[in-house]
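J.: Sequence and predicted structure, then a few things I'm wondering about:
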Amino acid sequence: MKKSPLWLRLLVIVYVLGLIGVPLGFVFQRMFAHGWSALVSAFGDPSMRSAMWLTLRVVLVAVPVNTLVGVGVAIWIVRHPSWRTKLIDRVIDVPLAISPIIIGLMLELAYASNGWFGRPEAALGLHIIFSYPGIVLASVFVSLPLVSRQLIPLLREIGDHQEQTAASLGAGPVRIFLTITMRSILWATAYGVSLTTARVLGEYGAVLIVSGNITGLTQTLTLNIGSNFENYDAFQGFVGAGVLATTSVLILLVLGVARHRERKRHEHLA
Amino acid sequence: MSISLEHLSKSFGADAVLSDINDVVPDGSLTALLGPSGSGKSTLLRMIAGLETVDQGRIVLHGRDVTKLPARQRNIGFCFQDYAPFYQLSVFDNVAYGLKVRRKSSAEIRREVEELLALVRLEDFANRYPRQLSGGQRQRMALARALAIKPEVLLLDEPFAALDAQVGGELRQWVRSLQHELGITTLLVTHNQAEAMEVADRVVILNRGRIEQAGAPSEVYDAPANDFVRSFLGPTTPFDGEQVRPHDLALVDDGSGRSGQVRDVIRLGFEVRVVVGFADDTSSWIQLTHDEAQRLNPAVGDKVTVARRR
């Protein structure tokens, strides 16, 4: 393969280092600036610990929900097209187009105790806004299309002949999904799941509105980082940022593997 | 197993794809559904397999009404034009798929898959994956996979269309001899009349969702029911206000035919086409064998008389 021109390679290096490498390095540099004992005690900070725990609980619900919904919606849109699926296909991108802070406001207007769904919520004894369910709701909303967007073009490309052949060989829908469909979309789903996880972990605006940002109660890790900086506790903020950045780098690694597998699959198709 | 199609109709929205299809595919036959694209032949095949719903009418497999039965309960082998290999599974697991569904023991599965792979001459490819196979090998794998469930009927959708001419030709002969050996009722869809005539022992000609004619290849060729069948099965040329086969015309010298003048001579090696113009401004083309052309040696401008053979 021909090498790219020198100026292009330099531009890419400057871009990657200047925008990602150096700033990320500073986060870790600040995190370790006060030595190990300071770091250990920062990890002991109860508000950060509760924020990490809350974020984990949100991820553990929002990501599986969006994975299931994403796979289901993608299969529905591709395999059973109708005017309904066309509508859903358009609407499902809305969360990516709207600013998260507006999503937060939308959800608050609808689900707050004086909002649209306020009465049925009260009747059921539910508190959504300013509590855990609201944070999950906002996280699900902002990352809604990330799995299905990966799967829709792939399912279209694969077509339904394999599934129909399996049916003619006597397989039922569950077996067809597990042995044929799922095996073909596994890596694309993994890619979508890692994108979803990264999005849920990093969400700030929508969660800020619906959670009420109550330290120790409804504060996720991103909100905790923000409030530490606002309260002039930069070191504590950098420790939180380091934790989040490390997690993101790990997710990127998973993403890399998934993309590599996907690309290999495409090369084989040709 | 015979297949009876009784008053079958199907529409997609306002478009009638099939209207009032009636036919009986005889037990053990190799029948070709032949028609131009858009004639409804693939839809008909998919309906028999249970992959498409029936609007009206019945499909009866050897006395058993399967019209409402889902595909997986019909026990019909179906091969798509693209062979639809299970890309994530090895050749062995592809062929074993239907046997695993039927919960056979692994020893039984191994024995049966090995037999089938030998039958389609893929014994050495059991551990390969579909992407490592050629088009012809994929087709044979798909056939073995369909045959594994011991289907009552085998349905093949354009089985040779995706292959190059030489491989396609070899596989046609192979599929024909395999079908004779197994005696399984087989229905294949094709748009290629030469392929249908070569492979099938019965041809059903479809046009715009209706059956135009059904019968043995020689029957439908020699006694076409109408002009569509005649022109679809082979070349025709106008003569005396009728459509006739160019090889049914001859250049004669006993004065019995119509006189005209040779306008063109096209030599294709094994056959020679002679275009003759008549006084009433019509023209016909006549197909001569290589020997006839050598004997008569027609040239542009020659005065000739044209008559029907026999």
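T.: Thanks, I have it. Since the model is a prediction, treat every value here as computed from it, not as a measurement.
J.: Now do residue B:269: how many residues are near it, please.
T.: 6 (other Cβ atoms under 10 Å in any protein chain shown). Backbone N, C-alpha and C define where each C-beta goes, glycine included.
J.: Over to it. Which of the three states is it?
T.: Following DSSP: H, G, I helix; E, B strand; the rest coil, residue B:269 is assigned to coil.
J.: The nearest residue to it once chain neighbours are set aside: what's it in contact with?
T.: By the measure of Cβ to Cβ, 6 or more residues apart in numbering or on different chains, the closest residue to residue B:269 outside its immediate chain neighbours is residue B:290, 7.4 Å from it. By Cβ atoms under 8 Å, 6 or more residues apart in numbering or on different chains, the contact set of residue B:290 is B:269, B:270, B:271, B:272.
J.: what's the most centrally placed residue in chain B sitting at in phi/psi?
T.: In chain B, the C-alpha closest to the average C-alpha coordinate belongs to residue B:196, at a distance of 3.2 Å (Cα atoms, centre = their mean). Residue B:196 adopts backbone torsions of phi -60, psi -50, taken as degrees, to the nearest 10.
J.: What residues does the stretch 1-150 of chain A have near chain B?
T.: Within the stretch 1-150 of chain A, no position is near chain B by Cβ under 8 Å from any Cβ of the partner chain.
J.: quick one: the helices in the stretch 1-150 of chain A?
T.: A:6-16, A:22-31, A:35-43, A:46-79, A:83-91, A:94-97, A:100-111, A:118-124, A:132-142, A:146-158 (DSSP state H, counting those that start in this stretch).
J.: Compare these and say which comes out lowest on pLDDT.
T.: Lowest mean pLDDT within the helices of the stretch 1-150 of chain A: helix A:118-124, at a mean of 82.
J.: Buried ones in it, by neighbour count?
T.: Residues of helix A:118-124 classed as buried by neighbour count (16 or more other Cβ atoms under 10 Å in any protein chain shown): A:118, A:121.
J.: Any idea how many residues pack against residue B:61?
T.: Neighbour count for residue B:61, taken as other Cβ under 10 Å: 20.
J.: For the nearest residue to residue A:139 once chain neighbours are set aside, give its distance to chain B.
T.: Nearest residue to residue A:139, sequence neighbours excluded (Cβ to Cβ, 6+ apart): residue A:62, at 4.0 Å. Here the distance between residue A:62 and chain B works out to 29 Å (Cβ to the nearest Cβ, to the nearest Å).
J.: top helix in the chain by residue count?
T.: Because you didn't say which chain, this covers chain A. helix A:234-269 (DSSP state H).
J.: meant chain B actually
T.: Per DSSP H, chain B has its longest helix at helix B:165-182.
J.: So what's the residue count around the closest residue to chain B within the stretch 1-150 of chain A?
T.: Taking Cβ to the nearest Cβ, chain B has its nearest neighbour within the stretch 1-150 of chain A at residue A:82, 12.4 Å off. The number of residues packed near residue A:82 is 10, by other Cβ under 10 Å.
J.: which residues touch it?
T.: If you count contacts by Cβ under 8 Å, 6+ apart, residue A:82 has none.
J.: Next to chain A, which bits of chain B? Give me the list.
T.: B:49-51, B:70-80, B:82, B:84-89, B:97-98, B:101-102, B:131, B:142, B:145-146, B:148-149.
J.: rewinding a little: please work out which of the helices of the stretch 1-150 of chain A is packed deepest.
T.: Counting by mean count of other Cβ atoms under 10 Å in any protein chain shown, helix A:132-142 has the highest mean neighbour count of the helices of the stretch 1-150 of chain A, with a mean of 23.
J.: Helix A:46-79 and that one, what's the angle between them?
T.: Here helix A:132-142 runs at an angle of 40 degrees relative to helix A:46-79 (axes from the mean of the first three to the mean of the last three Cα atoms, to 10 degrees).
J.: just checking, what packs against helix A:132-142?
T.: helix A:46-79, helix A:100-111, helix A:182-202, helix A:205-211 (3 or more Cβ pairs under 8 Å, 6 or more residues apart in numbering or on different chains; DSSP states H and E).
J.: Mind doing that once more with 6 Å?
T.: helix A:46-79, helix A:100-111, helix A:205-211 (3 or more Cβ pairs under 6 Å, 6 or more residues apart in numbering or on different chains; DSSP states H and E).
J.: How far does that helix sit from its chain's centre?
T.: Taking Cα atoms, centre = their mean, to the nearest Å, one finds helix A:132-142 lying 11 Å from the centre of the chain it belongs to.
J.: what's in contact with it?
T.: With contacts defined as Cβ atoms under 6 Å, 6 or more residues apart in numbering or on different chains, helix A:132-142 is touched by A:58, A:61-62, A:65-66, A:95, A:100, A:103, A:107, A:128, A:200, A:203, A:206-207, A:210-211.
J.: still on that earlier bit, if you look at the residues of chain B next to chain A, which of them are in helices?
T.: Counting by DSSP H, the residues of chain B next to chain A place B:49, B:97, B:98, B:101, B:142, B:145, B:146 in helices.
J.: now the residues you listed: which count as buried?
T.: B:49, B:97, B:98, B:101, B:142, B:145, B:146.
J.: which residues of the stretch 101-250 of chain B fall in strands?
T.: Using DSSP state E, counting those that start in this stretch, the strands found in the stretch 101-250 of chain B span residues B:153-157, B:185-190, B:202-207, B:210-215, B:237-239, B:242-244, B:249-252.
J.: Let me have these in JSON lines, adding distance to residue A:237 as columns.
T.: Formatted as JSON lines, these follow (distance: least, Cβ to Cβ, whole Å):
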{"stretch": "strand B:153-157", "distance to residue A:237": "64"}
{"stretch": "strand B:185-190", "distance to residue A:237": "68"}
{"stretch": "strand B:202-207", "distance to residue A:237": "74"}
{"stretch": "strand B:210-215", "distance to residue A:237": "77"}
{"stretch": "strand B:237-239", "distance to residue A:237": "90"}
{"stretch": "strand B:242-244", "distance to residue A:237": "89"}
{"stretch": "strand B:249-252", "distance to residue A:237": "96"}
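J.: export these to JSON lines and tack on mean pLDDT?
T.: As requested, the strands of the stretch 101-250 of chain B are exported to JSON lines (pLDDT from 0 to 100):
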{"stretch": "strand B:153-157", "mean pLDDT": "96"}
{"stretch": "strand B:185-190", "mean pLDDT": "96"}
{"stretch": "strand B:202-207", "mean pLDDT": "96"}
{"stretch": "strand B:210-215", "mean pLDDT": "96"}
{"stretch": "strand B:237-239", "mean pLDDT": "90"}
{"stretch": "strand B:242-244", "mean pLDDT": "87"}
{"stretch": "strand B:249-252", "mean pLDDT": "88"}
